[in-house]
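Peer 1: Turn this into a model:
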Amino acid sequence: MPADPRAVLTRPAPAPQLTVAYGDHPDQVADLRWPAGSGPARPLVVVLHGGFWRVEYDRRHTDPLAAALAADGYPVAQLEYRRTGQPGGGWPGTFTDVLSGVAALPVLAAEALPGRVGAVAPILVGHSAGGHLALYVAATAAATVGGVLALAPVADLAEAYRRDLDSGAVAALLGGGPIEVPDRYAATDPRLLVPTRTRTVVLHGSEDLQVPVEMSREFVAEATAAGSDISLLELPRCEHFGLIDPESAAWPQALDSLRSLHVDH
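Peer 2: Numbering: from 1, shown residues only. This is a model prediction of the structure:
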């Protein structure tokens, strides 16, 4: 494990080859990365970054993750979206952005990379708040998603609100708590949207201090009981940021989990 697990958030990585827009706002964009090698076309991997939905955190901190996935032969899109603390962020803009972006990116990527993007729905890789957004998109627009790899996801918004994760992050996202805006939680909380129809793998470190692993345990147990195709891999001695760090001990398991969500054609 690196001396400072947060070092991955600012580690330099190769630049993406192209940025495409899926909307008119400056944050309605995605960075595309070409897959290395000349293997078979693979599904597009859409990376949804975390940062508790706040404007202070953008897609740049997932550059090492995205570059590593491209080096492994995946076409990759790092999706940006409007976030809390900026006009249009939070409810409902953050949610409409990710739905629009995930729907548009397979076509945009296939146009930029003819013959290298599989003609199947993309796999979503989301970390932390991005894991929540990946689960939300899969539950809300299942036909647009081929699989989900949720890395330490905020899988229970009501519980995250009760725990006051990141000092009010969920209240900032939805405009209040479950009592004040119950309809918004009903529409966006993965815990309330089971069963999911999309094959999903959840990875969570046992030493996570930002998003407690208990939230994933309870979410996956409930989703499984409801008939979802979902599994949980709990990683011992792993904290929150190792899951997106290609230099961490957790990375091979994250990559294996991604590979398990598709079959090369």
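Peer 1: Spit out the contact partners of the residue nearest the centre of the chain.
Peer 2: Geometric centre of the chain, nearest residue: Gly126, 1.3 Å, by C-alpha atoms, centre = their mean. Listed by C-beta atoms under 8 Å, 6 or more residues apart in numbering, the contact partners of Gly126 are 47-50, 132-135, 148-151, 153. Every C-beta, even on glycine, is put in place using the N, C-alpha and C of the backbone.
Peer 1: Which parts of the stretch 1-150 of the chain are helices?
Peer 2: 63-71, 93-112, 129-140 (DSSP state H, counting those that start in this stretch).
Peer 1: would you turn those helices into JSON lines with mean neighbour count, mean pLDDT and distance to Ile244?
Peer 2: Below are the helices of the stretch 1-150 of the chain laid out as JSON lines (neighbours: other C-beta atoms under 10 Å; pLDDT from 0 to 100; distance: least, C-beta to C-beta, whole Å):
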{"stretch": "helix 63-71", "mean neighbour count": "22", "mean pLDDT": "98", "distance to Ile244": "5"}
{"stretch": "helix 93-112", "mean neighbour count": "20", "mean pLDDT": "97", "distance to Ile244": "18"}
{"stretch": "helix 129-140", "mean neighbour count": "28", "mean pLDDT": "98", "distance to Ile244": "9"}
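Peer 1: Take those and lay them out in a markdown table including distance to Leu261.
Peer 2: Below are the helices of the stretch 1-150 of the chain laid out as a markdown table (distance: least, C-beta to C-beta, whole Å):
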| stretch | distance to Leu261 |
| --- | --- |
| helix 63-71 | 12 |
| helix 93-112 | 15 |
| helix 129-140 | 11 |
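Peer 1: is it true that Val201 touches Ser257?
Peer 2: Yes - using C-beta atoms under 8 Å, Val201 makes contact with Ser257 at a distance of 4.5 Å.
Peer 1: These two: who's more crowded?
Peer 2: With neighbours defined as other C-beta atoms under 10 Å, Val201 and Ser257 compare such that Val201 has more, 22 against 19.
Peer 1: Quick check: the gap between the more buried one and Leu135.
Peer 2: 11 Å (C-beta to C-beta, to the nearest Å).
Peer 1: Spit out the residues that contact those two alike.
Peer 2: The contact sets of Val201 and Leu135 overlap at 148, 150 (C-beta under 8 Å, 6+ apart).
Peer 1: Can you tell me which of the helices of the stretch 1-150 of the chain is nearest to Leu174?
Peer 2: Of all the helices of the stretch 1-150 of the chain, helix 93-112 sits nearest to Leu174, with 9.6 Å by C-beta to C-beta.
Peer 1: for the closest one, the distance to its chain's centre please.
Peer 2: Here helix 93-112 is found 13 Å from its chain centre; the criterion is C-alpha atoms, centre = their mean, to the nearest Å.
Peer 1: Which residue ranges of this protein form strands?
Peer 2: Along the chain, counting by DSSP state E, strands occupy 18-21, 29-33, 45-48, 76-79, 123-127, 147-151, 200-205, 230-235.
Peer 1: could you dump the ones you listed to JSON lines with mean pLDDT?
Peer 2: Shown next, in JSON lines, are the strands of the chain (pLDDT from 0 to 100):
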{"stretch": "strand 18-21", "mean pLDDT": "98"}
{"stretch": "strand 29-33", "mean pLDDT": "98"}
{"stretch": "strand 45-48", "mean pLDDT": "98"}
{"stretch": "strand 76-79", "mean pLDDT": "98"}
{"stretch": "strand 123-127", "mean pLDDT": "98"}
{"stretch": "strand 147-151", "mean pLDDT": "98"}
{"stretch": "strand 200-205", "mean pLDDT": "98"}
{"stretch": "strand 230-235", "mean pLDDT": "98"}
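Peer 1: quick one: which of the ones you listed is nearest Asp164?
Peer 2: strand 200-205 (19.5 Å).
Peer 1: Just checking: what are the partner strands of that closest one?
Peer 2: strand 147-151 (parallel), strand 230-235 (parallel) (DSSP bridges).
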